[in-house]
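Peer 1: just coords:
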């Protein structure tokens, strides 16, 4: 009689918790989590592109963790939300230029995610500056904090080498 | 009597499995996993740098997953182990140049890891080509397959814009 109850109770207790996963179970769970993260992150990435086009360094900095890092091409890495804000204010897109961002792939496991994406850059001809168009690709390392996905590290590069950009106009706030 | 055995059996069964983690527990576990992944990945990254310096595209391609992606600055992304091998064979370092790779930070959760690192590039003056030195940074998205860490995506950029490299000499295998 006792044995029967132990046998009955054990599966009930097991069902209430999670056993160590097999690799197959982990892969299935991560696929589900990656799909959900891709839906969330692609929306955030699109908004990020809108703020890039609008030259909103204050808003852009809020997409990063406190110790977040950007790794710009041809420049050293920039560490920390405040330094990122300053860098973006000094290196914003020229007026009239637009950038659109497209998430391609997200791999997530719990609060850690890696996003791979592409961007398209477009600037119409202005004065002596000819029109410029380019495309590029990026990786974002995301960290979920209190159900919000934040960028811990970001790196990107153009698909075609670009001539140096004209400097952004001084900002008068 | 029955109740007592149910109460006794349940904690035993729970101890044999893992309950859903609290955020704190997940953070502690991920720190342990990240430390272990950093030890493993930094060794692999150092070897990768040795193969880069030696211009070994066959060996380098084996560091990637079958669908691995490299995202070179100023060039479109290259997808798949075979295409990466071809690209690396055509874009190897010039003779005499060396590159050293240094892992800075790894965040891991199970089979998913993100590595951030730096590299140093050095080429002595040769003939009409002046000496070139540069540093750069990279992100690697790693995936652990059968206890081996493989690169799913790699992107890097120099800290200072570089002049175009002289073409690598033709390879006679």
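Peer 2: The structure has been received and is ready for your questions. Because the structure is predicted, anything quoted here is derived from the model rather than measured. Numbering: from 1, shown residues only, chains lettered A, B, ... in the order given.

Peer 1: wouldn't residue A:88 be in contact with residue A:63 here?
Peer 2: No: Residue A:88 is beyond contact range of residue A:63, at 10.4 Å (criterion: Cβ atoms under 8 Å). Where you see a C-beta, it was placed from the backbone N, CA and C, and this is true even at glycine.

Peer 1: which helix of chain A spans the most residues?
Peer 2: helix A:23-54 (DSSP state H).

Peer 1: quick one, strands of chain A?
Peer 2: Under the criterion DSSP state E, strands of chain A are mapped to A:64-71, A:78-79, A:98-109, A:112-123, A:132-145, A:148-158.

Peer 1: Next, work out how far apart the spatially most central residue of chain A and residue A:119 are.
Peer 2: In chain A, the centroid-proximal residue (Cα atoms, centre = their mean) is residue A:140; its distance is 4.0 Å. Computed with Cβ to Cβ, to the nearest Å, the distance linking residue A:140 and residue A:119 is 11 Å.

Peer 1: same thing with residue A:144?
Peer 2: Using Cβ to Cβ, one gets 23 Å for the distance from residue A:144 to residue A:119.

Peer 1: tally of neighbours for residue A:130?
Peer 2: Using other Cβ atoms under 10 Å in any protein chain shown, residue A:130 is surrounded by 10 other residues.

Peer 1: May I have the phi/psi pair for it?
Peer 2: Note on residue A:130: its backbone torsions stand at phi -70, psi 160 [degrees, to the nearest 10].

Peer 1: Same question for residue A:146.
Peer 2: phi 50, psi 50.

Peer 1: which residues does it contact?
Peer 2: Contacts of residue A:146 were listed using Cβ atoms under 8 Å, 6 or more residues apart in numbering or on different chains, and none were found.

Peer 1: Kindly report the same for residue A:105.
Peer 2: Applying Cβ under 8 Å, 6+ apart as the definition, the contact partners of residue A:105 turn out to be A:38, A:115-117.

Peer 1: Can you pull the poorly scored residue ranges out of chain A?
Peer 2: For chain A, residues meeting the criterion pLDDT under 70 lie at A:1-19, A:163-173.

Peer 1: Go again with 90.
Peer 2: Along chain A, the parts satisfying pLDDT under 90 run over A:1-24, A:94-95, A:126-130, A:161-173.

Peer 1: Perfect, I'm done here.
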